[in-house]
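J.: Let's see this in three dimensions:
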Amino acid sequence: MTATRFYKRPTAFRRRVYDPVMRWLILRFGFGGIIDRRGGLDTVQVLAVRGRRSGRWYERPVGISVFNGTRHVVGFYGHTEWARNLRAGSEAEVRAKSRAVPVRAVELAGDEKALFMRDLVNRYRFFARAWLKVRPTRMTDGDLDRLLSDYPVFRLEDRPGPPGPP
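T.: Numbers count the residues shown, from 1 in each chain. You can find the predicted model right below:
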């Protein structure tokens, strides 16, 4: 028997309105912008991942967080299809406006993932309380263990190669 993995199904509004509008704004105008107002480099961009079974490209607007000089993406809905595709080694790209940067995704584990999640919770305290259901000032080891098991984190490394279809 396999353990079930956390997955929070996006609302119909998210799937039918928010994601398509954000995807269009980011791909058309480069809208996404910096989301860390303290001078960080965190942005919202489109992550395109090739399906592990279908071979089709899927595009999802995601928050890209910079930690220790490298880009990271977190599956805030849990173990989503795009996270499973990345885990299976599928091709991926980060897209914004007319740019598509091929990337290789490396899943974080252990201490590296714990350090990243602690940093993320401390930088985005309101988000941590509202979405991740943890109190940044009182985060316990149990809270951290839950975050580490429920939310996949990938480091995005630039990969040489031709971009996929737009």
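J.: just for the chain, where's the confidence low?
T.: Counting by pLDDT under 70, the ranges of the chain that qualify are 1-4, 32-40, 161-166.
J.: Would you map the strands across it?
T.: Counting by DSSP state E, the chain has strands at residues 43-50, 57-67, 70-74, 92-96, 99-107, 153-158.
J.: Of all those, which one is nearest Phe29?
T.: strand 92-96 (9.3 Å; Cβ to Cβ). All C-beta atoms are positioned from the backbone trio N, CA, C, and that covers glycine.
J.: I figured Val101 was touching Glu157, is that so?
T.: No: when contacts are counted by Cβ atoms under 8 Å, Val101 is not listed as touching Glu157 (10.5 Å).
J.: Ile26 touches Ser98, doesn't it?
T.: No: in this structure, Ile26 is not within contact of Ser98 by Cβ under 8 Å, at 11.3 Å.
J.: Between those two, which has more neighbouring residues?
T.: Ile26 (21 against 9; other Cβ atoms under 10 Å).
J.: how close does that one sit to Arg125?
T.: Separation of Ile26 from Arg125 (Cβ to Cβ, to the nearest Å): 25 Å.
J.: Thr43 now?
T.: Counting by Cβ to Cβ, the gap from Thr43 to Arg125 is 19 Å.
J.: What of Arg52?
T.: Applying Cβ to Cβ to Arg52 and Arg125 gives a distance of 35 Å.
J.: residues in contact with Val74?
T.: Val74 sits next to 63, 65, 120, 151-154 when contact means Cβ atoms under 8 Å, 6 or more residues apart in numbering.
J.: run the last query once more with 7 Å
T.: By Cβ atoms under 7 Å, 6 or more residues apart in numbering, Val74 lies in contact with 65, 151, 153.
J.: With Pro10 instead?
T.: Tyr77.
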